[in-house]
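J.: Here's my sequence, what's the structure:
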Amino acid sequence: MSIQKPVKAICGYIKDRNTGNILASATVQSSLGSAISDENGYFELDINGISDVISVRFIGYRNYEAPTAKSDSVPCLNILLIPQQLELQEIVLYDFLIKGIDQLDDGSYLIDFDRFSILPGLIETDVLQAVQAFPGIQSVNETVSDINIRGGTNDQNLLLWDGIKMYQSGHFFGLISMFNPMITQKVALRKNGTPAFMTDGVSGTISMETSNEINEKFSGSLGINFIDVSGFVDTPLGNNSSLQVAGRKAINDFVESPTYTEYFSRISQDTEVENNTINVVNSDKTFDFYDTSLRWLWHPTSRDRVRLNFILARNELVFNENTDIDNAPVTRESSLIQGTVAGGFNYRRQWSEKVSTEIDLYNTDYNLKAINANIAANQRFLQENKVSETAARINTTILLTSRLHWISGYQFTETKVTNLDDIDDPVFRRLEGNV
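T.: Numbers count the residues shown, from 1 in each chain. Prediction:
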């Protein structure tokens, strides 16, 4: 014979202790069963006497356990839960989008091509195609020569190659990058907050850099695709010097691939190259591009660093315009040539652990020349645009503390822009230049 203790039922409300907000769907348990609080935080539960322990669990709150201790004068319990705050460990993301892209503390992005993985849709590490994968950067016409950063225009972007300002960015008149990916090691992208000494970066800055380490062993590579063939050599010159040379040439001198043909069609569509005037037929259409890059490093002492850079790039489009005048065939040549020649010198001296000086000198020349033959008017129209820039900069950096450093310097830049219009019949020539 056994005596069973009487079963009692209790009710209650579950709330947040700090705010008093109702907590719905909380789990309430006793030794005899369990219940779930409704949308008003209300629950009913059987207990095994007033000494029975009930427990309450709710996500984001500390677990509650206590004897019932219900008084007959109190119809329902008020259970107040304490919010539980968990301190999570810091998580540092080193790769942004893909491996090789890092977001730095100052908000800029760094692309390291030693660790870089090719982005979807690209067949090689094209610098200016890769930066278009970042938020806030796009090209309306899907070219590398018309990149818009934060809604700005392409002329508001600052483009640097080892500190040399570049006015030309692409081959195929903007379809692929002019900068050989074999010699470019790092790219710093700033969408805002460009340092004052860089100047010109109103919308953003794309700063490309070659390796600053001397290679002790000879290395080289050769690559070919359906557009171009390229090569790269890195060779030591003694114990404290090394030379890098990279080159690229259009593949159409050897074979004209379907890809190359499509690229050519893209740059010539909706132009006189594709559709000339009535009774004028274009023939012998040729397009060629090439670029050469050079970087020489010399470390005469452990405190001194010397770097020389040179880059040459050229795009050339040529075609013949043919027609019959007075039953006689007439042929005139039209062309469009775009080219860049630039060179730079950099010297860095580490005076002490806290003081260093850097000197930069560079000159860049950009040239765009177009010759348009008008057979019907027996006229030749020449247009030529030139940009020549020479700059010198000296910076001194003083490390005041581990978190504070002082940079001071002087910069001189001279930019000359020249525009030429020349017509042979009637004779007309206008040359304008501004510095």
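J.: tell me what the host helix or strand of residue 417 is packed against?
T.: Per DSSP states H and E, residue 417 falls inside strand 405-424. If contacts are counted by 3 or more C-beta pairs under 8 Å, 6 or more residues apart in numbering; DSSP states H and E, strand 405-424 sits against strand 379-399, strand 427-434. C-beta here means a position set from N, CA and C on the backbone, and glycine is covered the same way.
J.: between these, which has the poorest average model confidence?
T.: Ranked by mean pLDDT, the helices and strands packed on strand 405-424 end with strand 427-434 at the bottom, a mean of 89.
J.: Just give me how far it sits from the chain centre.
T.: 39 Å (C-alpha atoms, centre = their mean, to the nearest Å).
J.: Return the list of strands paired to that strand, each annotated with direction.
T.: If you go by DSSP bridges, strand 427-434 pairs up with strand 405-424 (antiparallel).
J.: could you give the angle of the strand it pairs with to strand 379-399?
T.: Between strand 405-424 and strand 379-399, the angle formed by their directions is 170 degrees, by axes from the mean of the first three to the mean of the last three C-alpha atoms, to 10 degrees.
J.: Redo the helices and strands packed on strand 405-424 as a markdown table? Include mean neighbour count.
T.: Below are the helices and strands packed on strand 405-424 laid out as a markdown table (neighbours: other C-beta atoms under 10 Å):
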| stretch | mean neighbour count |
| --- | --- |
| strand 379-399 | 16 |
| strand 427-434 | 9 |
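J.: Go through those strands and name the closest to residue 18.
T.: Taking C-beta to C-beta, strand 379-399 is the member of the helices and strands packed on strand 405-424 nearest to residue 18, at 47.2 Å.
J.: Do you know the pLDDT at residue 362?
T.: Predicted confidence (pLDDT) for residue 362: 96.
J.: Closest to the geometric centre of this protein, which residue is that? Let me know.
T.: Nearest residue to the geometric centre of the chain (C-alpha atoms, centre = their mean): residue 131, 2.6 Å.
J.: quick one: contacts for it?
T.: With contact set as C-beta atoms under 8 Å, 6 or more residues apart in numbering, residue 131 has these partners: 111, 137, 147, 187, 189, 206.
J.: With respect to residue 349, which of those residues is nearest?
T.: Proximity of the contacts of residue 131 to residue 349 (C-beta to C-beta) peaks at residue 187, which lies at 26.1 Å.
J.: before we move on, the earlier item: and residue 176, which of the helices and strands packed on strand 405-424 is closest to it?
T.: When the helices and strands packed on strand 405-424 are ranked by proximity to residue 176, the top entry is strand 379-399, at 21.6 Å, counting by C-beta to C-beta.
J.: so what strands line up beside the lowest-mean-pLDDT helix or strand in the chain?
T.: Of all helical and strand segments in the chain, the minimum by mean pLDDT, DSSP states H and E falls on strand 101-103, at a mean of 79. When pairs are called by DSSP bridges, strand 101-103 turns out to pair with strand 109-112 (antiparallel).
J.: Low-confidence stretches in this protein?
T.: Counting by pLDDT under 70, the chain contains low-confidence ranges at 1-7, 69-74, 93-95, 118, 120-121, 123, 193.
J.: list the contacts for the residue nearest to residue 419 when sequence neighbours are not counted?
T.: Closest residue to residue 419 apart from its sequence neighbours, by C-beta to C-beta, 6 or more residues apart in numbering: residue 432 at 4.8 Å. Contacts for residue 432 were tallied using C-beta under 8 Å, 6+ apart; they are 418-420.
J.: How about residues contacting the biggest helix by length in the chain?
T.: Counting residues, the longest helix found in the chain (DSSP state H) is helix 258-268. Contacts with helix 258-268, where a contact means C-beta under 8 Å, 6+ apart, come from 172-173, 175, 225-227, 250-252, 274, 285, 287, 317.
J.: okay if I get those as TSV plus distance to residue 303?
T.: TSV is the format used below for these (distance: C-beta to C-beta, whole Å):
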residue	distance to residue 303
172	44
173	45
175	44
225	43
226	48
227	44
250	44
251	45
252	49
274	58
285	56
287	48
317	49
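J.: In strands, which of the residues you listed fall?
T.: 250, 285, 287, 317 (DSSP state E).
J.: Do I have it right that residue 371 meets residue 381?
T.: Yes - between residue 371 and residue 381 there is a contact under C-beta atoms under 8 Å: 7.4 Å.
J.: Enumerate every residue touching residue 428.
T.: Counting by C-beta under 8 Å, 6+ apart, the residues that residue 428 touches are 421-422.
J.: actually residue 338, not the one I typed
T.: Residue 338 neighbours (C-beta under 8 Å, 6+ apart): 168, 173, 314-316, 367-369.
J.: try residue 223
T.: Residues counted as contacts of residue 223 (C-beta under 8 Å, 6+ apart) are 124, 182, 229-231.
J.: From the residues you listed, pick the one nearest residue 12.
T.: Out of the contacts of residue 223, the member with the shortest distance to residue 12 (by C-beta to C-beta) is residue 124, at 67.6 Å.
J.: This completes my enquiry, with thanks.
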